[in-house]
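1. Fold the following.
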Amino acid sequence: MFRGTIGIYSDVMNMSDIASRAGVSHATVSRVVNGSPLVREQTAKRIRKILEEVNFVPNTVAKALKYGLSKTYGLIIPDIKNPFFSEFLAELEEVLAEIDHEILLTSMQSRETLARSVRRMLTRSVDGAVFMASEFDTQDIEPLFLHKVPLVTIDRRMVREGLSDVSIDYEKGYLEAVCHLKQLGHKRLGYIGGIEGLRTSKVRLDAFRAAVEQMGLRFYPNMVRSSDFKIPGGEQAAISLMSQKVCPTAIMTISDLTAFGAIRGLNNLGMHVPTDVSLVGQDDVLLSEVFQPPLTTVRIPRRHMAEVCVRALNYTKEDVERVGAYFTVPAELKVRKSTAPPQKHK
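-> Numbering: from 1, shown residues only. Model (predicted):
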């Protein structure tokens, strides 16, 4: 067993040393560390003073192994530099604090980093884990399944024993965005998506195409570009889109960072948002409201998403042997100043 390799005695030895210094039993020190009222205040005060002097930190791993509960959830994100993930982290941390839980944060840029993240979570005996990266080989997280760790994925749209999924309702959000652009008078809509071949990129492109067709507009394959979810990718994609003979009058993007990059690319072409081109982002990161112009975007509510993730974890924890459930987070359009009616000559 993996858990057998953990050094669970470091906490005990430290507490024994403290017990010797205080002239009490190990059990008495343990009671003080755990906040038990069964120790006389004078004795507890003396022990707490020693604990402070030696900067004693309880070994949460040993406690988890003994009692089967670490009160820690793992969170794996693909890119901490992306403000959407850091803002979600803040919301999840707050939600977990309300139920006296903590977060073990890790990131995943490759299979190697994912393997290290899995080992860290097993070492810390997490009570469950949330995977925000939708693209990974299930084999890479098999150790978590073997150790019965409840899992939740974001937007992977697949479940299995011990794993639930929380998906974003892009279909609703994209439909609202396309409806908004049509009402403004736009007929030629462009789209800057994510990395080709990724499941999440296809899901969102499909949602965009369905929304366009549902609103009675024509879908233009030549007005679709891929990007990397980041500012440089959005910049290059926007320049490519607007270098065509026939260009879109409005562009939807797969993320706010992509939209920021698109604005930079349009500015490099001497074009302005929304005078020359309307632009819609996705996520509604904090910068969207203060960016110039303030960005119209498909908002994903981070607080609600965090609450749904905890609900999904609790569902999976009830019985890790059963197939997990699907949960959904709504997306909604937030209209600001990056969209306007198209110029008549276009």
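2. Report the mean confidence score over the helix or strand hosting residue 236.
-> Per DSSP states H and E, residue 236 falls inside helix 231-241. Across helix 231-241, pLDDT averages out at 97.
3. Now that helix: buried residues?
-> Within helix 231-241, the residues scored as buried using 16 or more other Cβ atoms under 10 Å are 231, 233-239, 241. All C-beta spots, glycine's among them, are computed from the backbone N, C-alpha and C.
4. show me where the stretch 51-200 of the chain has strands.
-> 72-77, 102-107, 128-131, 151-154, 163-169, 189-192 (DSSP state E, counting those that start in this stretch).
5. residues in contact with the closest residue to residue 73 other than its chain neighbours?
-> Residue nearest to residue 73 in three dimensions, not counting chain neighbours: residue 128, with 5.2 Å by Cβ to Cβ, 6 or more residues apart in numbering. Residue 128 is in contact with 73-74, 149-152, 313, 316-317, counting by Cβ atoms under 8 Å, 6 or more residues apart in numbering.
6. CSV for those residues, including pLDDT, neighbour count and distance to residue 110?
-> Listed next are the contacts of residue 128 as CSV, based on pLDDT from 0 to 100; neighbours: other Cβ atoms under 10 Å; distance: Cβ to Cβ, whole Å:
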residue, pLDDT, neighbour count, distance to residue 110
73, 93, 26, 23
74, 92, 24, 18
149, 90, 24, 21
150, 93, 25, 25
151, 94, 26, 20
152, 95, 29, 22
313, 95, 23, 25
316, 94, 23, 26
317, 91, 15, 29
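7. will you turn those residues into a markdown table that also has distance to residue 21?
-> Shown next, in a markdown table, are the contacts of residue 128 (distance: Cβ to Cβ, whole Å):
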| residue | distance to residue 21 |
| --- | --- |
| 73 | 35 |
| 74 | 36 |
| 149 | 38 |
| 150 | 41 |
| 151 | 43 |
| 152 | 44 |
| 313 | 41 |
| 316 | 44 |
| 317 | 40 |
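8. Which of these sits closest to residue 217?
-> residue 152 (35.8 Å; Cβ to Cβ).
9. what's the spacing between residue 313 and residue 188?
-> With the distance defined as Cβ to Cβ, to the nearest Å, residue 313 ends up 44 Å from residue 188.
10. pLDDT below threshold where in the stretch 51-200 of the chain?
-> Low-confidence segments of the stretch 51-200 of the chain (pLDDT under 70): 55-69, 109, 134-138.
11. Per-residue pLDDT of residue 13, please?
-> On the pLDDT scale, residue 13 is placed at 41.
12. just how off-centre is stretch 143-150 within its chain?
-> 21 Å (Cα atoms, centre = their mean, to the nearest Å).
13. Give me the distance between the two termini of that stretch.
-> When the termini of stretch 143-150 are compared using Cα to Cα, to the nearest Å, they are 12 Å apart.
14. If you count neighbours, what's buried in that stretch?
-> Using 16+ other Cβ under 10 Å as the test for burial, stretch 143-150 gives 144-145, 147, 149-150.
15. same deal with stretch 31-49?
-> By neighbour count on 16+ other Cβ under 10 Å, the buried set for stretch 31-49 is 31-33, 39, 43-44, 46-47.
16. between these, which is closest to residue 209?
-> Checking the buried residues of stretch 31-49 against residue 209 by Cβ to Cβ gives residue 33 as the nearest, at 58.4 Å.
17. circling back to that earlier point, quick one: which of the contacts of residue 128 is nearest to residue 276?
-> Nearest to residue 276 among the contacts of residue 128, counting by Cβ to Cβ, is residue 152 at 42.4 Å.
18. And the buried residues of helix 231-241, which is closest to residue 100?
-> Taking Cβ to Cβ as the measure, residue 100 lies nearest residue 231 of these, at 38.3 Å.
19. And the closest residue to the closest one other than its chain neighbours, how far from residue 295?
-> Residue nearest to residue 231 in three dimensions, not counting chain neighbours: residue 261, with 3.7 Å by Cβ to Cβ, 6+ apart. Using Cβ to Cβ, we find residue 261 at a distance of 12 Å from residue 295.
20. Compare these two and say which one has the larger neighbour count.
-> Using other Cβ atoms under 10 Å, the more surrounded residue of residue 261 and residue 295 is residue 295, with 29 against 26.
21. what element comes up after the helix holding residue 236 heading to the C-terminus?
-> Downstream of helix 231-241, the first helix or strand assigned by DSSP H and E is strand 250-253.
22. quick one: average pLDDT of the helix or strand that contains residue 28?
-> Here residue 28 sits within helix 26-33, counting by DSSP H and E. Taken as a whole, helix 26-33 carries a mean pLDDT of 78.
23. So what touches it?
-> Here helix 26-33 makes contact (Cβ under 8 Å, 6+ apart) with 12, 15-16, 18-19, 22, 38-39, 43-44, 47-48, 51, 56, 58.
24. out of the residues you listed, which are inside helices?
-> Taking DSSP state H as the definition of helices, those contribute 12, 15-16, 18-19, 22, 43-44, 47-48, 51.
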